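Novice: A predicted structure for the sequence below; I have some questions about it.
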Amino acid sequence: MRLRLEPGMEIDGFTLHEHLSTGGMAQIWSVEREGDPTPPAPRAEPEARVSEPKGHGSEKWPRFPAQSKAPLEKGSIGLSPKVESTFGSEALVMKFPMLIDSDDPIPIVCFETEQMIMPRLSGRHVPRFVAAGPLDPQAYIVMERIQGQSLKARLSDVPLPWREVVEIGAKVARALHDLHLQKVIHLDVKPSNIMFRETGEAVLIDFGFARHEQLPDLLAEEFREPFGTTPYMAPEQVLEDRADPRSDLFALGVMLYFFVTGERPFGTPKGGQIRRRLWRDPVPPRAKNPDCPSWLQEIILRCLEVDPNDRYATAAQLALDLENPDQVKLTERAERLERDSGMKTFRRWLKARKARTLEAPNIVGQLSRAPIILVAIDLSPGNADLVEAQRGLIGRILSMEKEARVACVNVLKLSRLAVDVLEDEEGRSLHVQRLVQLKHWGATLDIPKERITYSVLEATDPAAALIDYARHNNVDHIVLGARASSALRRYLGSVSSQVVAEAPCSVTVVRTPRDRRQDEG
Amino acid sequence: MLIALLTDIHGNREAFSACLAHARSLSVDRFILLGDYVGYGADPAWVVDTVRTLVDQGAVALLGNHDAAIDGADEDMNILARESIRWTRGQLGMEQRAFLADLPLIHEEGNVLYVHANGYAPRSWHYITDTLEAARHFSRVEAHITFCGHVHVPMLYHMSTTAKVGSFSPVADNEIPLLATRSWLAVVGAVGQPRDGIPAANYAVFDTARQSLRYFRVPYDNATAARKVREAGLPEKLAQRLEEGR
C-alpha cells in the first residue's frame, strides 16, 4: 500500500466510500465514481468505451472481428486508468494489493496477473472489470461489486445439508466451465473466492493465481514453488503444473468434501506435507457423514482423483452429474468406507516420486476433447432409419472425441390446451416407456455408462425444450434428425430449423439415404 | 496510435504487400520497419523502393545486417546469406544502395526503443534467442519496451520488478497488455522468411494508447515468391524455406 487510504479519498475519479474487507493480499473498498453519487441496481449489458489522453489517436481495436461482438472488451485492457464504462451507475469496488513488504514479490505479481486477465473476462460468472491503475502512485482494480458474502461465511455452519452442497457444487461447476471456455484456469478455487449473484449464479473472484492460455504466465516465470491455497491445491499444482483446467475440479471436490463432512480432506498441510496428497487418499465422506449419498461420494472422490485423467473431463460434465444423481455411474468409490490399503498407497507413493510437471496449457484442447453432445431422438413409428442414422453419426463422433459425453433426449410433446393423459391404455407411464426406449437406443453405442445420460423432457414446444436443455447443460453439439420429405416434414422441419436458428452451440441435422432418394425422385 | 512493426522483409514482395495491406485494413497510423529489407528474396529493388516511399510518408526504417552488408563486409554471413547478398548487389541501383547505407541503427520514442537485433550492442547483430540473452538486454537498456527482429521467430520477453526474466510464445491475433510494471522485449517475426514452420508472414501492431501488442500471421502467395527465387537462380533452399516456413 503506497497511499494511506481513507474514506472520501479520490483516486482517478473514484471516491473511496467504505472499507469492506482486508484479506489475503488485498484490501477491498466500495467506491463511487465521480458525478455518480447513488449506485443503483446493476444492468446486464453496459456499453463501454475508452477515453484516451489528449494527443493520442482514436480507439481502433474494436475493428477487429474478434472483438466486435463483445462490447465489454472494447474498453477492457487494464493498463491505464483511462479505461472506463459509459454506463457508470452500478455499485463498484476498488481492490488494492497489499505491498507492505517490498521484499515479497508475490502480491505484486498476483496483482499484475489479475490486471492482465480480468479485462479479458466477461459474463455472469465473474465481476465486470471497470478500470485499473498501474503501480505508481497506487495500484488498483475497479470492478463490479457483487453483493453479499463469499461462501466463506458458510464455513461456520459445516457440515451443510447435502442437498445444499450439491446445489452449490452444480453452480460453481457451471461458473468454472464458463471460465475455462474463456481460456482461463482459476487455480485458487475455495470458499472465500466464490460469491453468488442475487439471481443465483456463482461468481468467481480473485484471479491472482489464475492462468490465461494466451497470455504470459507471470507467476510460473517468477517463482519456482507451488501456488494456491494448500488445502485446495490439486496434486499437479503441488508439482508446479499450472496448465490443467481439471485442477479447478479437484479444488471444487475439496470444497464439496469440506461442506458435506465439516472437515478438509487433506487437512491444512504445510511445507513438504502438501505432497502427501499425491499418494494418500482422503477418508471417504460417508465414513464421516453417513447422510452423504453414495452417488455424491462417488462424485466427490472422482473430483479428488490424483490423476486428472481419472477426474471429470470438464466442469460441465461434473455439473451434469450433480444435477442427475440417478444417472451417476456408481463404482467402487461410492461404497468405500475406508482409505486405500497400505500397498495401494505405497504404489502411489512410488509413482509420485517420479511425477514430473506437464507441458504448456491446453485448456481449449481439454474442453474440445470432452464435449457434451445432445442427441435428440424422435421415437415415433416410421423413424427407425433416421434414428439409426443418428446412431451411426454419434458412433463416429465418439470415435474421434474420446472423452465426449452423450445426453440422449426425447421430448414428450404436451398439448397446449388439453389436459394430457400421460399413461397408455394399460396405465403405464409414457415417460417411463420413452426412457426405456431411449436406453435401448443408447445400449449399442460403444461408450462407458458413466458418459451417457438419458432424459425425457415434457414440453409443449419441443424445439424450445431442446434449446433450454442445451443452454443449461453447456451442450457443445446437438445432433437431431429431420425428414427431407414426408408427411411429418413440416412438423419435424420446424423443430430442426428452430433449433439450428436458436441453439447456443453447433447443430448437426441428420438425414437418411431414403430421404435423399425420395428428394431426387 | 497504432504502429505497425515490420521486420526481416528480405526481398519478399508478396509477403510485404500482404502485410502492408493487412495493416492498412486495420487503419494503422504509422509504420516502423526494423531492418533487413534485402537478402534471400527475389524482389530487393521493389522492396527498397516501397520502404523509401513509406519513409517519405513518415515511416521509420532502421538498418539490418543484410542491408549493411550490401555496401559492407559479408564474410561473417552464412553461405546462403552471402550468396544472396552478392546476387542482390547486382539488383540495386546507386540510389537504393545509398538509401540503405544511410539507415539509422536505432530509433527511440519516449521509453520505447526500436532496433534490428538487440539493444545492448546494435551493430554486433547478436541474436536474442533465449531468456539469458534477453536478461543481458534488460540489464543494459533503460527502455520500458523494446521492439526488435533479426531472429525471424516471434517471441515476447518480459522482466519483473525483481529482475526475473520470462519468455512467452505469442498466439496470433491476441492482444497482450504490456504492463507498466514490467520491462518488455518484443521480437517481431519475419515478414519475408518465417522460420517457425508456419509459412504465413509475421508482423505486429503496437497500440500506444492501450499499451498493448498484437502479433499477426498473414497468409500470402508464397508459391509465387518461391518460384521467383528459383527463376532468379538463387539457392533452392531459399525457395523451399518460403514454401515450408522453416
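Specialist: Happy to help now that I have it. These numbers come from a predicted model, not from an experiment. Numbers count the residues shown, from 1 in each chain, chains lettered A, B, ... in the order given.
Novice: helix or strand: which one has residue A:470?
Specialist: For residue A:470, the enclosing helix or strand under DSSP states H and E is helix A:462-472.
Novice: revised request: answer the last question for residue A:458.
Specialist: Following DSSP H and E, one finds residue A:458 within strand A:452-459.
Novice: how about that strand as CSV, C-alpha atoms only?
Specialist: Provided in CSV are the C-alpha atoms of strand A:452-459 (Å, rounded to 0.1, in the frame of the first residue of the first chain):
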residue,chain,number,x,y,z
ILE,A,452,-24.2,-41.3,-21.3
THR,A,453,-27.3,-39.7,-19.8
TYR,A,454,-31.0,-40.3,-20.8
SER,A,455,-33.7,-37.6,-20.3
VAL,A,456,-37.3,-37.4,-21.4
LEU,A,457,-38.4,-33.7,-21.4
GLU,A,458,-42.1,-32.9,-21.3
ALA,A,459,-42.9,-29.8,-23.2
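Novice: what comes up buried for it?
Specialist: For strand A:452-459, a neighbour-count test (16 or more other Cβ atoms under 10 Å in any protein chain shown) marks A:452, A:453, A:454, A:455, A:456, A:457 as buried. All C-beta spots, glycine's among them, are computed from the backbone N, C-alpha and C.
Novice: okay, and the beta partners of the fourth one?
Specialist: If I follow you right, that is residue A:455. Judged by DSSP bridges, the bridge partners of residue A:455 are residue A:409.
Novice: now the residue in the stretch 151-300 of chain A that chain B sits nearest to, nearest residue through space, not along the chain?
Specialist: In the stretch 151-300 of chain A, the residue that lies nearest chain B is residue A:221 (3.0 Å; Cβ to the nearest Cβ). Setting aside the residues directly before and after it, residue A:221 is nearest to residue B:166 in space (Cβ to Cβ, 6 or more residues apart in numbering or on different chains), at 3.0 Å.
Novice: how about the one you found, what does it touch?
Specialist: A:216, A:217, A:218, A:220, A:221, A:222, B:131, B:157, B:158, B:159, B:160 (Cβ atoms under 8 Å, 6 or more residues apart in numbering or on different chains).
Novice: show me which residues of chain B are close to chain A?
Specialist: B:1-2, B:26-27, B:29, B:156, B:158, B:160-162, B:164-168, B:171, B:173-182, B:207-212 (Cβ under 8 Å from any Cβ of the partner chain).
Novice: now, of the residues you listed, which are buried?
Specialist: The neighbour count (16+ other Cβ under 10 Å) marks B:2, B:26, B:29, B:156, B:158, B:160, B:164-168, B:174-182, B:207-212 as buried among the residues of chain B next to chain A.
Novice: so which of those belong to strands?
Specialist: Counting by DSSP state E, those place B:2, B:156, B:158, B:165, B:166, B:167, B:168, B:175, B:176, B:177, B:207, B:212 in strands.
Novice: the last one pairs with what?
Specialist: When you say that, I think you mean residue B:212. Going by DSSP bridges, residue B:212 is paired in beta bridges with residue B:177, residue B:207.
Novice: hmm, residue B:176 and it touching each other?
Specialist: Yes: assessed by Cβ atoms under 8 Å, residue B:212 is found in contact with residue B:176 at 6.2 Å.
Novice: overlap in contacts of the two?
Specialist: With Cβ under 8 Å, 6+ apart, residue B:212 and residue B:176 have no common neighbours.
Novice: neighbours of the nearest residue to residue A:449 once chain neighbours are set aside, how many?
Specialist: Nearest non-adjacent residue to residue A:449, counting by Cβ to Cβ, 6+ apart: residue A:329, 4.8 Å away. Neighbour count of residue A:329, defined by other Cβ atoms under 10 Å in any protein chain shown: 14.
Novice: likewise for the one 4 residues further on?
Specialist: Neighbour count for residue A:333, taken as other Cβ under 10 Å: 18.
Novice: show the pLDDT at residue A:438.
Specialist: Note on residue A:438: pLDDT of 90.
Novice: ok, now which ones touch it?
Specialist: A:377, A:379, A:408, A:409, A:410, A:454, A:456.
Novice: roughly how far does the residue lying closest to it once chain neighbours are set aside sit from residue A:406?
Specialist: Spatial nearest neighbour of residue A:438, chain neighbours left out: residue A:454 (4.6 Å); criterion: Cβ to Cβ, 6+ apart. As for residue A:454, its distance to residue A:406 is 9 Å (criterion: Cβ to Cβ, to the nearest Å).
Novice: what residues are shared contacts of these two?
Specialist: With Cβ under 8 Å, 6+ apart as the test, residue A:454 and residue A:406 both reach residue A:442.
Novice: excluding chain neighbours, what is closest to residue B:227?
Specialist: That would be residue B:239: by Cβ to Cβ, 6+ apart, it lies 7.5 Å from residue B:227.
Novice: any stretches of the stretch 251-400 of chain A with poor pLDDT?
Specialist: Across the stretch 251-400 of chain A, the ranges flagged by pLDDT under 70 are A:354-361.
Novice: how about the strands of it, start to end?
Specialist: With strands called from DSSP state E, counting those that start in this stretch, the stretch 251-400 of chain A shows them at A:372-376.
Novice: how about the helices in it?
Specialist: According to DSSP state H, counting those that start in this stretch, the stretch 251-400 of chain A carries its helices in the segments A:285-288, A:294-303, A:315-323, A:332-335, A:342-353, A:363-369, A:384-400.
Novice: next, format those as JSON lines and append distance to residue A:271.
Specialist: Below are the helices of the stretch 251-400 of chain A laid out as JSON lines (distance: least, Cβ to Cβ, whole Å):
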{"stretch": "helix A:285-288", "distance to residue A:271": "26"}
{"stretch": "helix A:294-303", "distance to residue A:271": "25"}
{"stretch": "helix A:315-323", "distance to residue A:271": "30"}
{"stretch": "helix A:332-335", "distance to residue A:271": "29"}
{"stretch": "helix A:342-353", "distance to residue A:271": "16"}
{"stretch": "helix A:363-369", "distance to residue A:271": "30"}
{"stretch": "helix A:384-400", "distance to residue A:271": "45"}
